[in-house]
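Peer 1: Below: sequence and its predicted model.
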Amino acid sequence: MPLGFCPRCGSMLPERSTFCGVCGQQLFATAQPMGPMATAAQLPSLALTIIITFFFGLFGLIPAAVHSGRAKQMGASGGRYWGAFFITLISATIIGTITAVLFYGAIFAAMFTTDTSYSDPYISSPYGSVQDAEEPVPQENQPPMTSGDIPADATWCTDYLAVNAAASCEFADNVNYAYIESSGGDVTLRGVYSPVTAKYYDMRCVVTSIVTCTGGNNAVVYMM
């Protein structure tokens, strides 16, 4: 019964042949039975190794080892399963790291942002539009502010009103009116409208030698 093939001419070899009877090729070992090679379709699938490794990390070693051993029993290499395990593990680690950075980065950005604007006031605000008056009205019997009352880099809107670089004079007008209509003293003004950004801002006002209101996107309004 033929058990193998001649490596030179391909002729079938009888049992325990030491040379080929057709071409005379010497055989250095007894011909061994040649079982059928497994096709790719017959080998265990890579899917289980990939899925378990992606979602459960090192647990992917289990299907990789099992399927690698089974492939070797079928006469194929088991390296494809180890390759799938390591490539998937590295890819999952990279994706997980990027996802964590984006997720926690968004949380930290939301925690530390200074933007307190909103498109609509969350309370009914009397300061929701540009005021009719052309110029803010200072508190009674108050002299105009002097350069000693506000920082040197502030912008003067009137003798009674100034802003920093993050605020506009139009917004300062509304802050001034909001403060005049409030209870006065240290107070928080809710939903003051900015004609420049078309948004509403909360401003915290504190009285010293002048009234200083801060809030919004780092805006500061100085007024008497």
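Peer 2: Nice, thanks for sending it over. Predicted, not measured: the structure shown is a model, and the values here were computed from it.
Peer 1: Make sure residue 43 is actually in contact with residue 69.
Peer 2: No. Residue 43 is beyond contact range of residue 69, at 11.9 Å (criterion: Cβ atoms under 8 Å). All C-beta atoms are positioned from the backbone trio N, CA, C, and that covers glycine.
Peer 1: and the two? which has more neighbours close in?
Peer 2: residue 43 (18 against 13; other Cβ atoms under 10 Å).
Peer 1: nearest spatial neighbour of that one, skipping sequence neighbours?
Peer 2: residue 71 (5.3 Å; Cβ to Cβ, 6 or more residues apart in numbering).
Peer 1: do the same with residue 82
Peer 2: Among residues not flanking residue 82 along the chain, residue 64 sits closest, at 5.8 Å (Cβ to Cβ, 6+ apart).
Peer 1: That neighbour belongs to a helix, doesn't it?
Peer 2: Yes. Residue 64 sits within a helix when classified using DSSP: H, G, I helix; E, B strand; the rest coil.
Peer 1: just checking, it touches residue 49?
Peer 2: Yes. Assessed by Cβ under 8 Å, residue 64 is found in contact with residue 49 at 4.8 Å.
Peer 1: so what sits against both of these two?
Peer 2: Shared contacts of residue 64 and residue 49, defined by Cβ atoms under 8 Å, 6 or more residues apart in numbering, comprise 81, 84, 85.
Peer 1: what about this structure, any weak spots by pLDDT?
Peer 2: Counting by pLDDT under 70, the chain shows low-confidence ranges at 1-4, 10, 15-16, 28-41, 110, 112-147.
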